[in-house]
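In: Could you look at this predicted model? Sequence included:
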Amino acid sequence: MKRYIYFFFVLLAFYGFTACTNLPENVTTVNRLPVIFPDYTDVTIPVDIAPLNFNIVGRTDAVDVVLKGEKGGEIHSNGDYADFDIDEWHQLTQLNAGSSIRVTVCVERNGKWTQYKDFFLHVSPYRLDDYGVTYRLIPPGYEVGGEIGIYQRNIHNFDETAILEEKAVPGNCINCHTPNHTDPKMFTSQMRSEHGGTLVQIDGVQKWYNTKTDSTKAAGSYAYWHPEGRYIAYSTNDVRQSFFVGRHQPIEVFHNFGNIILFDTKTGELILDDKLQTPDWLEIFPAFSADGKTMYYSTSKACDVPTEYLKVKCSLVAIPFNAKTGTFGSKVDTLLNGQKTNSSYLHARPSYDGKWLMFTKCSRSNFSIVQPDADLWIMNLKTRQSWPLITVNSRCSESYHNWNSNSRWFVFSSKRGDGVYTKLYFSSIDDKGHATKPFLLPQKNPWEYYHKLFKAYNVPDFTKTKVEFDVREAQRQLKKDRIQVTIRK
Amino acid sequence: MKTLFVKHRGILIRVLFLAFVFLFWDICHPEYLNYHEQNQLFLFSSDYLYSRIAIAGGLADYISEFLVQFFYYSWLGSLIIGLLLLSLQHAVFLLSDKRLLILSFLPSLLSIWALGNQNVLFSFFVALIIILYAAYYFRHLHILADLILIPLLFWAMGALVWIYVAIRCFKSRSRWSWLYCLYIIGIQLGAYITILRQWPLQRVHFGINYYRDETLAPLLLYLVAIVAFLVIVFSQYTNRLNSRIVHATSMLGAFIILLLAIFTGFDKDNYELLKDDMLVRQEKWEEIISRAENYQPHCAFSSESINLALGMTRQLADRMFDFYQSGTDAMIMPPVRDNFSNMISAETFFRLGMVNSALRYFSDLQESILNARKSGRLEQRITECYIVNGRYLIAQKHIDLLKQSLFYRSWAQEAEDYLNHETMIANHPVWGQMRKFHFKKDYLYSYPEIEKMFGQLFADHTDNKLALDYFMGGMLLKGDYDGFMNYMRFVESYGGYMSMPMGYQDAIRFIQSQGMDSSSRYGIYVRQMMSKNN
């Protein structure tokens, strides 16, 4: 009897095993690449990134994927989609740093297996050891933000946690989370509403300011930290939207005015400079150089918007900054002239190693994310030569890029795919300023995740470590009066 | 006969109550059901279930949304409300003295009153009913078992677990009852500190999903739960009271609450607007007009509804000023950040063929649903806009969402067949026409020049008669007499009228008499606007 029971369990285990796996047999090979989502073919990835799981586009019965490292190691996935074990994946990438991983994909359809042409994942020699990325998730509505929130994602696995969601502070529009050079110990953010304010958190201490004064037109919005951590440059804007009536581009975003203010976190004072507060020009998107001695920003001639929206052309300029005195230099240097080149240059983001300046170029506007022709460009800060990052650009908008802490990697948002829902992509830069083919932020089941997500990724940035934010303290502080900033005389 | 009545009195009263509730909502307020249904989209998917049960009270919310999806048919919705309120009565009845039948109806009657606020969610009633039944069926449960049951009930049903705790404390009459309260406070605080970190404390304590608004639910709603508890408490002491007096008082109380519920709970103008919205959705244009002939709230929403109904039946040129016109916003309202005000504007854009503007308004309406739900109705419209605009990838995304629902699935499957098939779309009665009516040139929308956009829409496609009617009507609303007189030639050439529409004749007479024609309907509007501006 015992023998029969034993035999029964062996049979059951065998059945269980065969029912769960469906290994390729009688495979037909074809000389074309598999159509996968996300398109991870020949992308370059860092060691220890979250597994690049992928789905086969179209109906399939089963997918069998073998990953074989050029330097060794092999992992296997079999199921509805390519879903790799996280530890095995990390080991494989570690083993193949600076080399490649060959991906063999077999797909079963109607009981027949097809093996596609192999493709490669290139494992970069450059490390990406930052904890992850922060971003805002926002429904891509028009004037109503809906259920928005700021989140952080561990890029080495699939963990996402909320930093601050709208439900914690009902009725508030939560703006960008801006750390100091990826260090979340210092960050700033804005909240727009009747009870809104500018948050500056340093070493866990939250301070909520009212950065609107009689001498400034609005509270601070787009922000950038001075690398030494004392100053934050904000642009003050009046952002507006207009909507097209035609079929194609739905929206035009513009600013009625734009100035740049400098906030001294030590004294709670605003530093105003006439060159950054011009009445006939708009100054926007400030960013400090790696050494903190220069501030880059975009500037455009004030136009009668929305009527003259086609005329909005931003130049990329630089102004010297003295951190000891908190003063700007007298000469504004034009790096790229928008009017002359009939283009708009925005979102200057200097690399933290001082070598590069990445920016967005589009045909018009001072709000590039809604411009389909917005592309990422890079400038060599030594030679001042600039060129488009062809490998990362698409026919849709690329924008809101930021560097990781060692400036070998950058994250950017792109509307490629459906043209509406912005997603996050990662790419790396080599010594010559050439970018690798970007990869989409990995998800456990990418197709299901992105197809069911009705929110757009917005304003991404790297974070060196996990962001610690006390939501309760924010709720308490928001009930109190803001700290009023003063103007430095 | 009398014995039979006495024997089956309970059943008879319940049947009568059910019939009353059913008829009240099905006949008097089907618009209420429509409003609830269009502010959610229940999906048959595991993700949807997980997203609901991830917060305290989520299971009640899930059950509630499951039930509310059936409000798609008003008779079914009315029946569900009736059964819910009857279940509430039954649960209270089980926990109280069996002789106090009428008294057990008080919470249900009060619920009718509370439901008059259209943003009160059914999750509250689902939670209350389940909690009361739990209090009854687990009444013999050992106190230690409550240690498990209370947190479970809190997580599944939300803050109304306090009613369970209150009943247990009351029934046990132990001097250690206060430990129950301490326990539930501890659980709520624990959840607040750990899992519900993003929720404000008062919402964790008073219920996250009982009300559509981000603020706390109205007091009346909590009164339902308190009264339910008080009835249970009170029933324990009725032996000492004269039963006739108790019955008479209960009857009187029930009657007063019912009257208050019906006459104060359902704001007439508010419900008129909800009905307009429902009728626009159902395209019952003649009913909108006939209702407005009898009563019309004085607000832009109502003007928009009647104008759209008149426009769709080609009566706008004749009868526009027979009805209340709120001003320049009487045809399209500027954007309003709520889940209702712009509904007619969005539908008007859609029917005019202003697809991008319709998409914008529909999208913002959906994002304005304060408990962050999707809307089946709005999702459907958004999908249609994307199909008309040829954005098939994004349309597919919305279609796949709708395919997970019960009542929008077949529509979504049908719509899916159209994706990437240009000829099929061109031949579609609505989408084909919308594509045809597209603006020939793209430019930026400008609300202050809305009537000019109608004019351009018409100029691009002279067979878009609705655009012509809105163009001319828009100029009259704005008081642009020169424009109106100048473009009368368009009406003559393209309007398709056998004779000059009465409304335009009236307006011309008023303009030509330089405002001296006192009998002019248009003149009444002009004077009304002048006095408003002064």
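Out: It's in.

In: Going by C-alpha atoms from here, please, whenever you check contacts or count neighbours.
Out: Fine.

In: residue ranges of the helices in chain A, please?
Out: All helices of chain A, identified by DSSP state H, fall at A:2-20, A:86-95, A:338-341, A:446-452, A:471-479.

In: which parts of stretch B:304-313 are buried?
Out: Buried residues in stretch B:304-313, counted by 16 or more other Cα atoms under 10 Å in any protein chain shown: B:E304, B:S305, B:I306, B:N307, B:L308, B:A309, B:L310, B:G311, B:M312.

In: and which of those is nearest A:N31?
Out: The closest of the buried residues of stretch B:304-313 to A:N31 turns out to be B:M312 (Cα to Cα; 57.6 Å).

In: unless I'm mixing things up, that closest one is touching B:K284, no?
Out: No - the pair B:M312 / B:K284 is not scored as a contact, 10.0 Å apart, by Cα atoms under 8 Å.

In: How about the stretch 251-400 of chain B: which residue is closest to chain A?
Out: B:E367 (4.5 Å; Cα to the nearest Cα).

In: Quick check: that residue touching A:Y142?
Out: No - counting by Cα under 8 Å, B:E367 stays clear of A:Y142, with 9.1 Å between them.

In: who has more neighbours, those two?
Out: Neighbour count, other Cα atoms under 10 Å in any protein chain shown: between B:E367 and A:Y142, B:E367 has more, with 26 against 20.

In: got a list of what the nearest residue to the more buried one once chain neighbours are set aside touches?
Out: Residue nearest to B:E367 in three dimensions, not counting chain neighbours: A:G146, with 4.5 Å by Cα to Cα, 6 or more residues apart in numbering or on different chains. With contact set as Cα atoms under 8 Å, 6 or more residues apart in numbering or on different chains, A:G146 has these partners: A:I138, A:P139, B:E367, B:S368, B:I369, B:L370, B:A372.

In: I figured A:D418 was touching B:L393, is that so?
Out: Yes - in this structure, A:D418 is within contact of B:L393 by Cα under 8 Å, at 5.6 Å.

In: Quickly find the element holding the nearest residue to B:G479 once chain neighbours are set aside.
Out: Of all residues not flanking B:G479 in the chain, B:V526 sits nearest, at 7.6 Å (Cα to Cα, 6+ apart). Using DSSP states H and E, B:V526 sits in helix B:521-533.

In: Identify each buried residue in that helix, please.
Out: Using 16+ other Cα under 10 Å as the test for burial, helix B:521-533 gives B:R521, B:Y522, B:G523, B:I524, B:Y525, B:V526, B:M529.

In: what helices or strands is that helix leaning on?
Out: The contact analysis (3 or more Cα pairs under 8 Å, 6 or more residues apart in numbering or on different chains; DSSP states H and E) places helix B:521-533 against helix B:502-512.

In: List of residues touching the helix it packs on?
Out: Taking Cα under 8 Å, 6+ apart as the rule, helix B:502-512 contacts B:317-321, B:476, B:481, B:485, B:516-517, B:520-523.

In: thinking again about what came up before, tilt between the helix holding B:V526 and helix B:502-512?
Out: 60 degrees (axes from the mean of the first three to the mean of the last three Cα atoms, to 10 degrees).

In: so how far is the helix or strand hosting B:C385 from its chain's centroid?
Out: Element membership for B:C385, per DSSP H and E: helix B:376-388. How far helix B:376-388 lies from its chain's middle: 19 Å, per Cα atoms, centre = their mean, to the nearest Å.

In: list the contacts for B:L258?
Out: By Cα under 8 Å, 6+ apart, the residues touching B:L258 are B:L109, B:L110, B:I112, B:W113.

In: Of the residues you listed, just say which sits nearest to B:I184.
Out: B:L110 (26.6 Å).

In: how about low-confidence regions in the stretch 301-450 of chain B?
Out: Filtered on pLDDT under 70, the stretch 301-450 of chain B yields no residues whatsoever.

In: Enumerate the residues of it near chain A.
Out: Residues of the stretch 301-450 of chain B lying close to chain A (Cα under 8 Å from any Cα of the partner chain) are B:337, B:354-357, B:360, B:363-364, B:367-370, B:372, B:389, B:391, B:393-394, B:397, B:401, B:438-446.

In: Just the C-alpha atoms of stretch B:330-344, please, in CSV.
Out: The C-alpha trace of stretch B:330-344 is given here as CSV (Å, rounded to 0.1, in the frame of the first residue of the first chain):
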residue,chain,number,x,y,z
ALA,B,330,-25.2,79.3,-21.6
MET,B,331,-23.8,77.2,-24.4
ILE,B,332,-20.4,76.2,-23.0
MET,B,333,-19.2,76.8,-19.5
PRO,B,334,-15.6,77.6,-18.8
PRO,B,335,-13.6,74.8,-17.1
VAL,B,336,-14.9,74.0,-13.6
ARG,B,337,-12.9,71.7,-11.4
ASP,B,338,-15.6,69.2,-10.3
ASN,B,339,-17.0,66.0,-11.6
PHE,B,340,-20.3,67.3,-12.8
SER,B,341,-20.5,71.0,-13.9
ASN,B,342,-18.8,70.6,-17.3
MET,B,343,-20.7,67.4,-18.3
ILE,B,344,-23.1,69.2,-20.7
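
In: What count of nearby residues applies to A:S399?
Out: There are 31 residues near A:S399, going by other Cα under 10 Å.

In: Touching, it and A:F367? I think so.
Out: No - contact criterion Cα under 8 Å: A:S399 and A:F367 do not qualify, at 9.5 Å.

In: give the contact list for A:F426.
Out: Counting by Cα under 8 Å, 6+ apart, A:F426 makes contact with A:W409, A:F410, A:V411, A:F412, A:P438, A:F439, A:L440, A:L441.

In: Report the contact partners of the third one.
Out: For A:V411, the contacting residues are A:H401, A:N402, A:W403, A:N404, A:L424, A:Y425, A:F426, A:S427, A:P460, A:D461, A:F462, taking Cα under 8 Å, 6+ apart as the criterion.

In: quick one: which of the residues you listed sit in strands?
Out: Counted as lying in strands by DSSP state E, out of the contacts of A:V411, are A:H401, A:N402, A:W403, A:L424, A:Y425, A:F426, A:S427, A:P460, A:D461, A:F462.
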